[in-house]
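K.L.:
Quick one, what's the 3D model for this:
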Amino acid sequence: MRFEFEHLGTPTPFELTEGQHLLGGSPEDHVHLEGLPPGLLTLRIESQRLMVEAVRSFTVNSVRVMPGVSRLVLPGEVLGLPEGMCLRVLAEPSAPERGVGTVAVLKGLLSDSEARPSRAATLTCLTGLDVGRCHPLAEANTDIGRGEGVALRLRDRAVSRLHARIRREGPGFMLEDLGTPNGVFLNGLRLEAPGPLVDGDVVELGRSLLRFQAAFDDAAGAVCRAPAPLRFDVGERTEAGALLPPERRPRRSSEGWLIAAGAALVVLGLLLTALLAAAG
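P.N.:
You can find the predicted model right below:
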């Protein structure tokens, strides 16, 4: 599993194999990083699943984790450490698919934009007895609690029998506290009124942490989430780094041109295949 430790703006990448590793500032720690308390983190890696436990509180994506709590950490999440340091869990690079011939590759390129996967929104348990469990949010209302009959039952005594509800509203989801004494926390803040869920949000019920993953919108071809900052290509900036006005930005290639070019490549591939077969 790949990691990146950052201190004073300097990233240090490293990799760890499966097993248990102690990370801290002591020479006796398996992963020795200057400036950290000794034996700060225990990292357990099993089947590409990472569980992290610390002797003092730390954060994951700015959400606090208490000492002694074993927390599932997913690729892309960032652990906040003392003195402004952080530890990133990097996603594994995807292996390139094995080539299956020119024509097949070209057909795959042409059909890839239409063959997008579809998946439902989910909640993944990050702590407790249900760690790693993934629950799809397929119903209009998903009740969460410790009692019988709820859609998502948690084995956590600090969770009420009927603790929280997630409602589907249009393309999104709303989180609601059902009047519990321990409350519902969203990204570390107590939920005072029903609020929307955004991809990557962490819901805290009792001692349980749940990570929300938004649905893949098959029609829009994008994950439903809060608007992201605008991104521009290098060619859309001046030499000084300022953004060019819209009327001076280069025009994008049309989809029709791309499809026509792809079709021409398919025909060329078929002709090459036929020529090679005739020559053989």
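
K.L.:
any weak-confidence spans in the stretch 101-250 of the chain?
P.N.:
The model of the stretch 101-250 of the chain has pLDDT under 70 over residues 101-118, 216-250.

K.L.:
Now do the strands in it.
P.N.:
For the stretch 101-250 of the chain, the strands defined by DSSP state E, counting those that start in this stretch cover 122-125, 134-136, 141-145, 152-153, 164-169, 172-177, 184-186, 189-190, 195-196, 202-205, 208-213, 216-217, 222-223.

K.L.:
Show residues contacting the third one.
P.N.:
This means strand 141-145. 123, 135, 150-154, 159-168, 178, 205, 210 (Cβ atoms under 8 Å, 6 or more residues apart in numbering). Quick note: C-beta positions are derived from backbone N, CA and C, even for glycine.

K.L.:
so how far is residue 135 from residue 150?
P.N.:
Here the distance between residue 150 and residue 135 works out to 11 Å (Cβ to Cβ, to the nearest Å).

K.L.:
I misspoke; the intended subject was residue 266.
P.N.:
43 Å.

K.L.:
ok, now residue 65?
P.N.:
21 Å.

K.L.:
Between the two, tell me which one has more neighbours.
P.N.:
Between residue 65 and residue 135, counted using other Cβ atoms under 10 Å, the more crowded position is residue 65 (23 against 20).

K.L.:
contacting residues for the more buried one?
P.N.:
52, 54, 57, 58, 59, 71, 209.

K.L.:
The third one: neighbouring residues, count only.
P.N.:
Look at residue 57: counted by other Cβ under 10 Å, it has 13 neighbours.

K.L.:
rewinding a little: switch the contacts of residue 65 over to TSV; also include distance to residue 23.
P.N.:
TSV is the format used below for those (distance: Cβ to Cβ, whole Å):
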residue	distance to residue 23
52	9
54	9
57	15
58	11
59	15
71	14
209	21
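
K.L.:
Among the residues you listed, name the buried ones.
P.N.:
52, 54, 58, 71, 209 (16 or more other Cβ atoms under 10 Å).

K.L.:
Pick out the most distant pair among the residues you listed.
P.N.:
54 and 209 (14.2 Å; Cβ to Cβ).
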